[in-house]
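K.L.:
From the sequence below, what's the structure:
(chains A and B)
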2 protein chains.
Amino acid sequence: MTPQFPSLNEIRAAHQRIQPFIHRTPMMSCEAIDRLAGCEVHFKCENFQKVGAFKARGAANAVTKLTAEQRRNGVATHSSGNHAAALARAATVAGIRSYIVMPSNAPAVKKKAVAGYGGEIIECRPNLQARETTLQRVLKDTGATFIPPYDFMDVVEGQATCALEIFDECVPFDVVMAPVGGGGLLAGTALLTHYASPSTKVIAAEPSGADDAYRSFHAGRLIPIEAPDTIADGLLTSLGEITFAAIMNYVHDILTVSDDEIVAAMRMIYERMKIVVEPSCAVPLAALLKHSRGFAGQRVAIILSGGNVDLEKLPFGSTVTTPGAPDRHEQAGALSG
Amino acid sequence: MTPQFPSLNEIRAAHQRIQPFIHRTPMMSCEAIDRLAGCEVHFKCENFQKVGAFKARGAANAVTKLTAEQRRNGVATHSSGNHAAALARAATVAGIRSYIVMPSNAPAVKKKAVAGYGGEIIECRPNLQARETTLQRVLKDTGATFIPPYDFMDVVEGQATCALEIFDECVPFDVVMAPVGGGGLLAGTALLTHYASPSTKVIAAEPSGADDAYRSFHAGRLIPIEAPDTIADGLLTSLGEITFAAIMNYVHDILTVSDDEIVAAMRMIYERMKIVVEPSCAVPLAALLKHSRGFAGQRVAIILSGGNVDLEKLPFGSTVTTPGAPDRHEQAGALSG
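P.N.:
Numbers count the residues shown, from 1 in each chain, chains lettered A, B, ... in the order given. Below you'll find the predicted structure:
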């Protein structure tokens, strides 16, 4: 059964509602990448979005749709990723409380980010059951409203506002590409594209080490991933029922790529576009380059989903320059400035 | 004796002339950095410029000012940095030849970049004398015109077009900051600011390990650096006579920073702004943060000079994630997307 998805007007209203919470992110292009890809690629830079990822949109939309009574008790979620930071920030901007259940082994930098945005962190043991039971306890104790990270219509509606901005640009697109993890961004993108530009193909890209969307799409039923293994740490999750339904209805194809292909595309974005992206973000470009013959001469919009990467663990090599290291002296006395 | 600097109208004409060679780079700002700095910072993103650095401007301007006879024999320079790539590309776009003298130990990636832009590389032994004699031989053999990297009026005039774009923005600035190596960018910036906004202060920033501009500025005479040592590898060079004269006339102050301060500022730009910059590029922000009390509440424009960094040698840490490494599995099965 297909769930009731938001209409184009409802997505437009969401976009208006979340204006105080988000940046309108720029579209960027890069001649060198166009040459290499053999097509015209326009990148929607959600790595420049508030909290560094598109997740700011869905979280803001969910928060702005709360009733007055719900607002009094705040919001809660379990996440160690961008949704946690996005919900904490959206709640703070809206003047309400947020409770974020995080595994005790979550990186200190992620806890610091959530706390910095004003979220109250509740630690739990690092397994799925502990997260669920801890969340249930928090919801019971506080009366907070649970805002799931992706399988939730208000979140999908919020993520759809990214593609709304894409189709506001003058360029008509043959293809729109987004990465797929839990599917919130992809569902929103596909839905909006269906409304705004039905002739545009929606093509998802997924790491082959976490290819539940690819398998589910081709099997026609939800097949969750059991042991995902990919460098694209934002895409480890499996689809939910709402996002799967949207994908079956509105997505044209799903392409998979290896971690090596993801790292190569990520490197290209750093080197050629001079912007910082997280590995998940490079998955659509990796898929485009792998299957470039299928995109020859087309106009492609790629959503760069986020830029929250651990700079100490960039996958570009093992040599590290420290101040005073000898390899920097080779240019001493050079005349070039 | 003060040399004859270009007028505002001549800089405007240069800007028109080089349009086919350059991007108009965006200004970016970042609320988090404004909060940390206690002032309003607008970044002019020359890391997004053609060839990844402001050097595209000066090289293009020099090439567009060649006579028909000079064009026939092409241009030449010695450089292993951004000027080499910029001159090679400008020459190719203009349809003329370029000869780039590079030390035999220059990184392969830099040689590849110059060759990729269409420059002819002439290798020499890696010392200053070999560069000079090799360049002289090339000039004699080919009849090419030498385009120096910074101490050359056409190059200074070209670099001044960056600040011209800054003052085209609506915001009036209390301060403009640029890094200083050979001084081409700083000279052009100071000159243009003197014309376009005489009440705006021009403050240069320099690594303390290559502080010839700081010393020369305070001594009132050129004091070249003998053994520069800094992570900011674009700023190892010393001022020339033209750039020193411009700086003595139009720069208000020069601040120095340590390599640790440069790396901290560079990290802030990656983490908060999600853009890729080279270490030299982070020097003005490092100086601003170090002396933030002096900038309290002001509107500051900072020129981000370039983004050509070796991704394998980023100075952010020593641990490297490779596909399949255990630390990425902690999120497996997480519900956060």
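K.L.:
Quick check: which helices or strands does the helix or strand containing A:Ala265 pack against?
P.N.:
Taking DSSP states H and E as the definition, A:Ala265 sits inside helix A:259-268. Packing partners of helix A:259-268 (3 or more C-beta pairs under 8 Å, 6 or more residues apart in numbering or on different chains; DSSP states H and E): helix A:283-290. (Glycine included, C-beta is placed from N, CA and C.)
K.L.:
related to what we said a few turns ago, tell me which residues in the helix holding A:Ala265 are buried?
P.N.:
A:259, A:261-268 (16 or more other C-beta atoms under 10 Å in any protein chain shown).
K.L.:
Okay, domains of chain A per the record?
P.N.:
A:8-54+A:152-313, A:56-146 (automatic domain parsing).
K.L.:
quick one: which of the buried residues of helix A:259-268 is nearest A:Tyr150?
P.N.:
A:Ile262 (20.4 Å; C-beta to C-beta).
K.L.:
Break down the stretch 101-250 of chain A into its strands, ranges please.
P.N.:
Under the criterion DSSP state E, counting those that start in this stretch, the stretch 101-250 of chain A carries strands at the ranges A:120-124, A:145-146, A:175-179, A:201-207.
K.L.:
Just checking: what are the partner strands of the first one?
P.N.:
If I follow you right, that is strand A:120-124. As defined by DSSP bridges, the strand partners of strand A:120-124 come to strand A:98-103 (parallel).
K.L.:
Provide the contact partners of the strand it pairs with at residue level.
P.N.:
Residues outside strand A:98-103 that contact it (C-beta atoms under 8 Å, 6 or more residues apart in numbering or on different chains): A:74-80, A:84, A:87-88, A:90-92, A:110-111, A:114, A:118-127, A:130-131, A:134-135, A:138, A:142, A:144, B:330, B:334.
K.L.:
Let me see the contact set for the closest residue to A:Asp229 other than its chain neighbours.
P.N.:
Distances taken as C-beta to C-beta, 6 or more residues apart in numbering or on different chains put A:Gly209 closest to A:Asp229, at 4.3 Å, once the chain neighbours are dropped. A:Gly209 makes contacts with A:228-230, A:258-259, as judged by C-beta under 8 Å, 6+ apart.
K.L.:
let's see it at 7 Å
P.N.:
Counting by C-beta atoms under 7 Å, 6 or more residues apart in numbering or on different chains, A:Gly209 makes contact with A:228-230, A:259.
K.L.:
next one: A:Phe152
P.N.:
For A:Phe152, the contacting residues are A:Ala62, by C-beta under 7 Å, 6+ apart.
K.L.:
And the buried residues of helix A:259-268, which is closest to chain B?
P.N.:
Nearest to chain B among these, counting by C-beta to the nearest C-beta, is A:Asp259 at 3.8 Å.
K.L.:
and that closest one, how far is that from A:Ile231?
P.N.:
With distances taken as C-beta to C-beta, to the nearest Å, A:Asp259 is found 5 Å from A:Ile231.
K.L.:
So which residues on the stretch 1-150 of chain A come close to chain B?
P.N.:
Selection of the stretch 1-150 of chain A residues close to chain B by C-beta under 7 Å from any C-beta of the partner chain yields A:47-48, A:52, A:78-81, A:83-84, A:105, A:126, A:128, A:131, A:149-150.
K.L.:
if you set the cut-off to 6 Å instead, what comes out?
P.N.:
Contacts of the stretch 1-150 of chain A with chain B, taken as C-beta under 6 Å from any C-beta of the partner chain, map to A:47-48, A:78-81, A:83, A:105, A:128, A:149-150.
K.L.:
tell me the two of those residues that are most distant?
P.N.:
Within these, A:Phe48 and A:Leu128 form the most distant pair, 32.3 Å apart (C-beta to C-beta).
K.L.:
out of the two, which sits in the busier spot?
P.N.:
A:Phe48 (23 against 13; other C-beta atoms under 10 Å in any protein chain shown).
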